[in-house]
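Engineer: turn this into a structure:
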Amino acid sequence: MLERAVNDGAPFEGERGQVTLDSIGDAVMSTDVTGKITYLNPAAERMTGWSRELAAGRAVEDVYRIIEGTTREALHSPTALAIQEERTVVLTPNCVLIRRAFTATAHPACANNPAANLRRPIESRRKPDCRPPTRVGPAG
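Structural biologist: Numbers count the residues shown, from 1 in each chain. Next up, the predicted model:
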């Protein structure tokens, strides 16, 4: 029995591995050696606000953005540091994940405005607003 399990390949290869990772309640994110996202499970999609398809190929820093909870200062990506230094990296205490809150609009009323393809707050999907998005500066 053990020999068969060994010969069947690694437990997270193929469809069985995909089903296992997709069913885990904790967020699971994978990157390649350059720090580009290769996989997000459904829990990671919910936590980050990124779909697996949109996140694929993006830098981990774009998808998994964390800040210090008190000072609100951006923190370096623990994933990038782990890849760079080839070691386990622990999250900074009191860090906060910044969830993606923007999406590309696809409302038909905006079809004639090229700026409508820019990212807009999710709330703007409720009613079309074809004006170009305004830049918001840091809170202060």
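
Engineer: and the closest residue to residue 91 other than its chain neighbours, what pLDDT?
Structural biologist: What sits nearest to residue 91 in space, not counting adjacent residues and going by C-beta to C-beta, 6 or more residues apart in numbering, is residue 78, at 5.8 Å. Glycine gets a C-beta too; all of them are placed from N, C-alpha and C. Note for residue 78: predicted pLDDT of 89.

Engineer: so residue 78 makes contact with residue 87?
Structural biologist: No. Counting by C-beta atoms under 8 Å, residue 87 is not a contact partner of residue 78; they are 10.6 Å apart.

Engineer: neighbour count winner among these two?
Structural biologist: Per other C-beta atoms under 10 Å, whichever of residue 78 and residue 87 has more neighbours is residue 78, with 17 against 8.

Engineer: the more buried one and residue 53, how far apart?
Structural biologist: Residue 78 sits at a distance of 24 Å from residue 53 (criterion: C-beta to C-beta, to the nearest Å).

Engineer: show me where the chain has helices.
Structural biologist: Here the chain has its helices, by DSSP state H, at 2-7, 14-23, 42-48, 52-55, 60-63, 78-85.

Engineer: surely residue 40 touches residue 52?
Structural biologist: Yes. If you go by C-beta under 8 Å, residue 40 and residue 52 touch, sitting 4.7 Å apart.

Engineer: compare those two (neighbour count), which wins?
Structural biologist: Per other C-beta under 10 Å, whichever of residue 40 and residue 52 has more neighbours is residue 40, with 26 against 16.

Engineer: return the set of residues that bridge with the more buried one.
Structural biologist: residue 29 (DSSP bridges).

Engineer: who touches it in this structure?
Structural biologist: Residue 40 makes contact with 27, 28, 29, 30, 48, 50, 51, 52, 55, 63, according to C-beta atoms under 8 Å, 6 or more residues apart in numbering.

Engineer: switch the cut-off to 7 Å
Structural biologist: 29, 48, 50, 52, 55 (C-beta atoms under 7 Å, 6 or more residues apart in numbering).
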